[in-house]
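Novice: Predicted coordinates and the sequence they were generated for:
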Amino acid sequence: MKKTYWEKLQDPRWQKKRLEAMQLKEFACEICGNKELNLHVHHKEYFKYLEPWQYHNSQLAVLCEDCHTEFHHSVDALKMMCSYIPMEKRRMLAIFIGGLLNYTYESVLNTCQMEDQKTLKSLYKKGMTARKAFGVENA
């Protein structure tokens, strides 16, 4: 029987991975540094073929409850804005946003089903540059 995502988050392997991620970040929110609020371990990216506990620690973020909620509000707003972009331009935008959100270049290419190209790598690097300009390089 196939488990729901919620059931997978109850799995001891996820609980162990979650604790490991929090220990690596010294039980503090990566955005605001809060150590008092409940902490969530957020997957920065999702892959259909991976279970929640199979992600590398670099693909996980430790966020306090408030920052996690704010992050999802921002992402939902971004998704809504992107829905107005013509389909043929969305994958190019995704490459830029992947760099902005600090996803690995390879995972963005895989997700967008695109081959490595000099122009795509340049666009990804522009996203990384924008990330630094916004002062979120460690978020």
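Specialist: Ah, there it is.

Novice: and the residue nearest the centre of the chain, how far is that from residue 118?
Specialist: For the chain, the residue nearest the mean C-alpha position is residue 44 (1.8 Å; Cα atoms, centre = their mean). For residue 44, the distance to residue 118 equals 26 Å [Cβ to Cβ, to the nearest Å]. For glycine as for every other residue, the C-beta is placed from the backbone atoms N, C-alpha and C.

Novice: Repeat that for residue 135.
Specialist: Residue 135 is 28 Å from residue 118, by Cβ to Cβ.

Novice: Over to residue 98?
Specialist: 16 Å.

Novice: In terms of neighbours, single out the busier of these two.
Specialist: residue 98 (24 against 7; other Cβ atoms under 10 Å).

Novice: Which residue, neighbours along the chain excluded, lies closest to the more buried one?
Specialist: Distance criterion Cβ to Cβ, 6 or more residues apart in numbering; nearest residue to residue 98, sequence neighbours excluded, is residue 108 at 3.3 Å.

Novice: Can you get me the centre-to-centre distance for the helix or strand encompassing residue 40 and its chain?
Specialist: Assigned by DSSP states H and E, residue 40 belongs to strand 39-43. A distance of 10 Å separates the centroid of the chain from that of strand 39-43, by Cα atoms, centre = their mean, to the nearest Å.

Novice: so where is this protein shaky, pLDDT-wise?
Specialist: Scanning the chain for pLDDT under 70 picks out 136-139.

Novice: quick check: domain ranges of it?
Specialist: 1-75, 85-139 (automatic domain parsing).

Novice: from the chain's centre, how far out does the shortest one sit?
Specialist: Using Cα atoms, centre = their mean, we find the averaged C-alpha position of domain 85-139 to lie 12 Å away from the chain's own average C-alpha position.
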